[in-house]
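Undergrad: Provided below are the primary sequence and the corresponding predicted coordinates.
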Amino acid sequence: MTGAPSPAVSVYADESCLGNGRDGANPGGAGGVIELLHPRTGSLVRRDYWISEPAATNNRMALRSAIEPLRMLSAKGRRYAVVFTSDSRYLVDGMTAWVYDWMARGWKRKGGAIENLELWKALVDAARLHDVRWRWVRGHAGHPQNEYANELAIRAARQQSDSGGAVESGFTEWLRAERARGRLTIEPDPFPAAMNGAGGTLPRGAAGRHQ
């Protein structure tokens, strides 16, 4: 890229599906926290988002947990350097490896139909508008931003609620309350998030290989 560097953004997302895999409609939710620096003051700003579906799967909601914030960032008309952190191997492995093979084969895979094909295509389109690095963390391991995203996703699934976009974050108050209960002794990731284990970004044009 040429010109001014892309503004940095960190996104921490998680998904939930109540009764995932059981017979019948299983309500799903996804949520996350977006971190960026205020363009004038340089102070850290956090925004939350969450969505829900009445009948979903964990995998479906993992994809939507990424599509939604990337589209929100695109609505600002700028290209961002995004570190996207999730505990979903399905999402992270898919965006750092699988999609390159699928695109090279015309969105086909050797083992049969691609699960959630339209969502994968939507996510690739959303990710191409930014410089996205995909980062996996272990779930339910006390990582503050990941645990908070998990709470948002579960609440969205239970209440079948939608934030209607990015809203003021409750992360700071939530973390303070958790620590008052003796939980979450790990410090939140600094901004921008560490790049350890992060995979590369998608090319903006035609399908390409992982770099």
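TA: The structure has been received and is ready for your questions. Numbers count the residues shown, from 1 in each chain.

Undergrad: if I pick the closest residue to Ile186 other than its chain neighbours, what's in contact with it?
TA: Leaving aside its sequence neighbours, Ile186 sits nearest to Gly142 (Cβ to Cβ, 6 or more residues apart in numbering; 4.9 Å). In this view, the C-beta of every residue, glycine as well, is placed from N, C-alpha and C. With contacts defined as Cβ atoms under 8 Å, 6 or more residues apart in numbering, Gly142 is in contact with Arg183, Leu184, Thr185, Ile186.

Undergrad: mind running it again at 7 Å?
TA: Leu184, Thr185, Ile186 (Cβ atoms under 7 Å, 6 or more residues apart in numbering).

Undergrad: and the residues you listed, which are buried?
TA: Buried residues within these, counting neighbours by 16 or more other Cβ atoms under 10 Å: Leu184.

Undergrad: quick one: which of the contacts of Gly142 sit in helices?
TA: Taking DSSP state H, every one of the contacts of Gly142 sits outside helices.

Undergrad: Let me have the contacts of Gly142 in a markdown table, extended by pLDDT and distance to Ala13.
TA: Output for these, formatted as a markdown table (pLDDT from 0 to 100; distance: Cβ to Cβ, whole Å):
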| residue | pLDDT | distance to Ala13 |
| --- | --- | --- |
| Leu184 | 91 | 18 |
| Thr185 | 90 | 23 |
| Ile186 | 92 | 18 |
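
Undergrad: And the contacts of Gly142, which is closest to Arg135?
TA: Using Cβ to Cβ, Ile186 is the member of these that lies nearest Arg135, at 15.7 Å.

Undergrad: correct me, but that closest one touches His143?
TA: Yes - using Cβ atoms under 7 Å, Ile186 is in contact with His143, at 6.3 Å.

Undergrad: Which residue ranges of the chain form helices?
TA: So, for the chain - with DSSP H - the helices run 58-74, 89-93, 99-104, 117-128, 144-159, 171-180.

Undergrad: Which strands or helices does the third one pack on?
TA: When contacts are defined as 3 or more Cβ pairs under 7 Å, 6 or more residues apart in numbering; DSSP states H and E, helix 99-104 sits against none of the other helices and strands.

Undergrad: Quick check: which of the helices of the chain is nearest to Gly29?
TA: Using Cβ to Cβ, the nearest of the helices of the chain to Gly29 is helix 144-159, at 3.2 Å.

Undergrad: relative orientation of the closest one and helix 171-180 in degrees?
TA: Relative orientation of helix 144-159 and helix 171-180, computed by axes from the mean of the first three to the mean of the last three Cα atoms, to 10 degrees: 100 degrees.

Undergrad: Check the gap between the closest residue in space to His143 that isn't next to it in sequence and Ala156 for me.
TA: Excluding its sequence neighbours, the residue lying closest to His143 (Cβ to Cβ, 6+ apart) is Val137, at 5.3 Å. As judged by Cβ to Cβ, to the nearest Å, Val137 and Ala156 stand 20 Å apart.

Undergrad: pLDDT below threshold where in this structure?
TA: Applying pLDDT under 70 to the chain picks out residues 1-5, 194-211.
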